[in-house]
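Colleague: predicted model and sequence follow; I will ask about them next.
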Amino acid sequence: MSSAVLSIGSNLGDRLAHLRAAVANLGGAVVAVSPVYQTAPWGPVAQDDYFNAVVLVDDPAVDARGWLDRAWDCERSAGRVRDVRWGPRTLDVDVVAVDQVIQETPDLVLPHPRAHERAFVLVPWLDVAPAAELPGRGPVADLVRALPADELAGVRRRADLRLEVE
Ligand SMILES: Nc1ncnc2c1ncn2[C@@H]1O[C@H](COP(=O)(O)OP(=O)(O)OP(=O)(O)O)[C@@H](O)[C@H]1O
Ligand SMILES: Nc1nc2c(c(=O)[nH]1)N=C(CO)CN2
């Protein structure tokens, strides 16, 4: 059994189309899709706002490494070029958590090592899973409450935009 929390983000090209394509690519594994948020860029690189969302997925045949492969497949389909760390991208798919797994392998750290400090991950996750917990860090609701006000202010729900579950 394997359920995962994926964070999807885009700030290059048709941002909504890239997020929609990721949800379509994940197909039958998709259990829930959060609202879309417009988010101020996190990190040291000056760049345009992102659209972000969180997707809950489940597939008994996919393990933690398998979710990373699915994430990379989504990114490849969006024509993502890997250059600047934390720089602009057509599509970023991060594996936030897989079940209760805590691991550190060269390719995959779980939970995602920066998820607990990212409003653009925690706020949409809370929308679709109010009782969720980030393994090793506690309830997502508590993590959201602990975020600095300016982090939270940079995350604005776009009620005019929707990602459909296929
Ligand atoms: N939980 C995880 N989800 C996605 N990638 C991970 C994870 N843990 C480790 N990685 C590794 O991180 C590397 C860099 O990923 P990526 O280019 O998406 O980083 P980034 O999006 O710029 O930064 P960040 O990881 O802070 O979101 C990948 O090659 C991948 O192997
Ligand atoms: N708001 C926001 N900022 C980011 C994002 C993202 O998805 N949303 N992804 C990044 C890639 O490392 C860097 N910064």
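Modeller: Right, received. Where do you want to start? Since the model is a prediction, treat every value here as computed from it, not as a measurement. Ligands and ions are numbered 1, 2, ... in the order given.

Colleague: what parts of the chain come near ligand 2?
Modeller: When proximity is defined by C-beta under 6 Å from any ligand atom, the chain lies next to ligand 2 at 9, 39-43, 50, 52, 86, 92, 120. Glycine gets a C-beta too; all of them are placed from N, C-alpha and C.

Colleague: helices or strands up against the longest helix belonging to the chain?
Modeller: Ranked by residue count, the top helix of the chain under DSSP state H comes out as helix 64-77. For helix 64-77, the packing partners by 3 or more C-beta pairs under 8 Å, 6 or more residues apart in numbering; DSSP states H and E come out as strand 3-10, helix 15-26, strand 92-98.

Colleague: list the buried residues for that helix?
Modeller: By 16 or more other C-beta atoms under 10 Å, the buried positions in helix 64-77 come out as 64, 67-68, 70-71, 74-75.

Colleague: now do the nearest residue to residue 58 once chain neighbours are set aside against residue 103, distance only.
Modeller: Nearest residue to residue 58, sequence neighbours excluded (C-beta to C-beta, 6 or more residues apart in numbering): residue 3, at 4.5 Å. Distance, residue 3 to residue 103, by C-beta to C-beta, to the nearest Å: 16 Å.

Colleague: these two - which one has more neighbours?
Modeller: The neighbour comparison of residue 3 against residue 103 (other C-beta atoms under 10 Å) goes to residue 3, with 17 against 12.

Colleague: doesn't residue 31 make contact with the more buried one?
Modeller: Yes. Counting by C-beta atoms under 8 Å, residue 3 touches residue 31, with 7.4 Å between them.

Colleague: so for the two, which residues contact both of them?
Modeller: Residues touching both residue 3 and residue 31 (C-beta atoms under 8 Å, 6 or more residues apart in numbering): 56-58.
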